[in-house]
Each structure stands twice: as C-alpha cells, then as structure tokens.
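J.: Okay, structure incoming, though there's no sequence with it:
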C-alpha cells in the first residue's frame, strides 16, 4: 500500500463526510451498500472506483482528497458558480463538511415498476443506481426540489402512447394535489400505477389510461380522499 493511502485516515475522512448522520442511514440514502461501507469503516478496505464515484457524486467530495487527504476536499466547479456562496465557506472546527454547490443533481432510481408488482424497494428506500441531471434544469426549468424527486420505470401498455413499457419517469413527490389532466402515480393495493387523473364537476375523479383499450375508473367525490398519491410524473425518457 502506498504512503499516500492510509485506511485509517480514509476512515477518518469518510466519517467526517458522514457527519452526525447514522453511517448506515447515510449509506442507504446515497445508494451505498451497508456491507460496502462496513468494509471501509471496519475492515480498512480500499473502496472500488464505482464506490468512490458514488460518494463523490452525492457529497461533492473530491476523490483525491478522500483517498489521500491532499488538495481541496471539494470537487472543482464550473466558473459560473459564485465562489462567495456561503455553502463553500470554511467550516468551524469539529463541524462536518457542508455540501458545496453542484452543477448536477443526482437523482436516485428505484427498482420499482409502475403498473406492476415490484414496488417493495420504493417503500423501503433501497436504490438501484443514480442518474445525474443538470442543476439549472432541475431547479430553474422544472422548479423541482432535489430531495423530493425519484426515478422509476414503466411496464405494460396502459399509458401508451404517452408512456411506454421501459420508459424512465421522473416523479415529483411534492405534488399530490391531483391537478386536472396530469399523470400521477397512485397506490392501488400492492401496486403502483401511473394514470391520468381528471376532475369532474361533481368533485369526482376519473382515473384514465391513455390507451383506449383500458376502461376508465370513476372515483366518487366522497371517496377521493382515499386515493393514495405517490407523486406526479413530470418527465419521461426512453430508449429509441
């Protein structure tokens, strides 16, 4: 092992990044396996490149600094970011590192399938991987809260042609207002389904599939409050 890498010092720096948050809670939040984190903290294992990238993308910590302790702890940013931003200011002694401004927002993707059965991981908070989006698009164009968005996949044809099987959709978990003619993910028994919701003049809600082969479901006004809304679909992407 080279002199520039010390498992003990790496552990100290990683604990500093984690701060006061419970280590395994922190690992789950960024999509890092508990066994992977335990290997680093308890066994002095040198993390794989994929692990280092995941930590860096979620904390903005420099990989070089994390491994060697040399240089700035922060990854370099675009010159469009203001250096006087308070989030980049030096920390007080003993204070955990603040996350510096990022040009990208890393969004977790869950192994959930809409209109299907595989939704357990969504409820338990497990993450399959992460996908990065430009911050100015997430914040400025879409007006989303980075902490309230998730990515999930679609199966089936009930929402074709708008959403097709295999599409990746971005959910805004803040929006549960059932605005008219928007697509929402709702919980139906053990399933999560993506459907278009339309309000009736009598206060009822029509749950509609964009595919005409599927029948609409009308929820009477007095039962609308029983609908369990997970979030609104605000973007979709697919492979061509």
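T.: Received, thanks. These numbers come from a predicted model, not from an experiment.
J.: CA atoms for contacts and neighbours, from now on please.
T.: Fine.
J.: Next, the buried residues of stretch 19-32.
T.: Of all the residues in stretch 19-32, those buried under the rule 16 or more other C-alpha atoms under 10 Å are 19, 23, 26, 27, 28, 30, 31, 32.
J.: Nearest residue to the middle of the chain?
T.: By C-alpha atoms, centre = their mean, the chain has its centre lying nearest to residue 108, at 2.8 Å.
J.: ok, back up a step: among the buried residues of stretch 19-32, which are located in helices?
T.: 23, 26, 27, 28 (DSSP state H).
J.: From what I see, the third one and residue 33 are in contact.
T.: The one in question is residue 27. Yes. The pair residue 27 and residue 33 passes the contact test of C-alpha atoms under 8 Å, sitting 6.4 Å apart.
J.: Following the chain onward from the helix-or-strand element of the chain with minimal mean pLDDT, which element is next?
T.: Least confident helix or strand of the chain, by mean pLDDT, DSSP states H and E, is helix 120-124 with a mean of 46. Next helix or strand after helix 120-124 toward the C-terminus (DSSP states H and E): strand 129-134.
J.: What are the buried residues along that next one?
T.: 129, 130.
J.: what's next to that strand, contact-wise?
T.: Strand 129-134 has contacts (C-alpha atoms under 8 Å, 6 or more residues apart in numbering) with 31, 103, 104, 105, 106, 107, 108, 109, 110.
J.: possible to save the residues you listed as a markdown table with secondary structure, pLDDT and distance to residue 166?
T.: Listed next are the contacts of strand 129-134 as a markdown table, based on DSSP: H, G, I helix; E, B strand; the rest coil; pLDDT from 0 to 100; distance: C-alpha to C-alpha, whole Å:
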| residue | secondary structure | pLDDT | distance to residue 166 |
| --- | --- | --- | --- |
| 31 | coil | 85 | 22 |
| 103 | coil | 73 | 28 |
| 104 | strand | 74 | 24 |
| 105 | strand | 80 | 23 |
| 106 | strand | 78 | 21 |
| 107 | strand | 84 | 18 |
| 108 | strand | 82 | 17 |
| 109 | strand | 82 | 13 |
| 110 | strand | 78 | 14 |
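J.: Domain ranges for the chain, per the record?
T.: Taking automatic domain parsing as the criterion, the chain consists of the domains 7-71, 104-237.
J.: Now do the last one: distance from first to last residue.
T.: According to C-alpha to C-alpha, to the nearest Å, domain 104-237 extends 18 Å from its N-terminal end residue to its C-terminal end residue.
J.: And stretch 42-57, by the same measure?
T.: 23 Å.
J.: mind listing what's buried in that stretch?
T.: Buried-residue list, stretch 42-57, by 16+ other C-alpha under 10 Å: 44, 45, 46, 47, 51, 52, 53, 54, 55, 56, 57.
J.: what do you get for stretch 202-216?
T.: 204, 205, 206, 207, 208, 209, 210.
J.: hang on, the third one packs against residue 200?
T.: Yes. Counting by C-alpha under 8 Å, residue 206 sits close enough to residue 200 to count as a contact (7.3 Å).
J.: And for residue 168, the neighbour number?
T.: Residue 168 sits with 21 neighbouring residues when counted by other C-alpha atoms under 10 Å.
J.: Who is it paired with across the strands?
T.: residue 153, residue 237 (DSSP bridges).
J.: Identify the residues contacting it.
T.: 151, 152, 153, 154, 236, 237, 238.
J.: if I look at the closest residue to residue 46 other than its chain neighbours, how far off is residue 168?
T.: Setting aside the residues directly before and after it, residue 46 is nearest to residue 40 in space (C-alpha to C-alpha, 6 or more residues apart in numbering), at 6.5 Å. According to C-alpha to C-alpha, residue 40 and residue 168 sit 33 Å apart.
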